[in-house]
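Next come a sequence and a model predicted from it.
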Amino acid sequence: MEDTIICRCENVTLKHILETVEKYDSSVRETKLHTRAGMGFCGGRTCKNHIDKIINKNKKISNEFTTMKVQPPVRPITFGEIGDDYND
């Protein structure tokens, strides 16, 4: 279960996130900076909800739910545009 990849863009596992939260007692933002989870190509749109839940659930003192800032790409592109070179 801890081998589960949470952030596919940066290849960050559940284990890495949990170890970071335990070691640094880090917030969502701090965990993002330590692990790069949510900083990949999708800008956190794929993994944001999972990361938020994992970190907020594992915080020792948590009276308020914090969330990760999502940074979408400057110009969204389709999968067709990404894979267009593959067909050449």
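Great, that's in hand.

where along this structure do the helices fall?
14-24, 28-35, 48-58, 79-83 (DSSP state H).

Point out where the protein drops to low pLDDT.
Residues of the chain that meet the criterion pLDDT under 70 lie in 58-74, 84-88.

give me that answer again for 80
1-2, 56, 58-79, 81-88 (pLDDT under 80).

hmm, back to that, redo the helices of the chain as TSV? Include mean neighbour count and distance to residue 8.
(Each C-beta comes from the backbone N, C-alpha and C, glycine too.) Converted to TSV, the helices of the chain look like this (neighbours: other CB atoms under 10 Å; distance: least, CB to CB, whole Å):
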stretch	mean neighbour count	distance to residue 8
helix 14-24	16	13
helix 28-35	19	13
helix 48-58	17	11
helix 79-83	9	14
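
would JSON lines of the ones you listed with distance to residue 7 be doable?
As requested, the helices of the chain are arranged in JSON lines below (distance: least, CB to CB, whole Å):
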{"stretch": "helix 14-24", "distance to residue 7": "8"}
{"stretch": "helix 28-35", "distance to residue 7": "8"}
{"stretch": "helix 48-58", "distance to residue 7": "7"}
{"stretch": "helix 79-83", "distance to residue 7": "18"}
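
Of all these, which one comes closest to residue 42?
Between residue 42 and the helices of the chain, the shortest gap by CB to CB is with helix 48-58, which sits at 9.1 Å.

Quick check: end-to-end length of stretch 33-49?
16 Å (CA to CA, to the nearest Å).

Number the chain from 19, please
Sure, I'll start numbering at 19, so the last one becomes stretch 51-67.

Excluding covalently adjacent residues, which one is nearest to residue 20?
Nearest non-adjacent residue to residue 20, counting by CB to CB, 6 or more residues apart in numbering: residue 33, 3.7 Å away.

Verify the stated contact: residue 31 with residue 21.
Yes: between residue 31 and residue 21 there is a contact under CB atoms under 8 Å: 6.0 Å.
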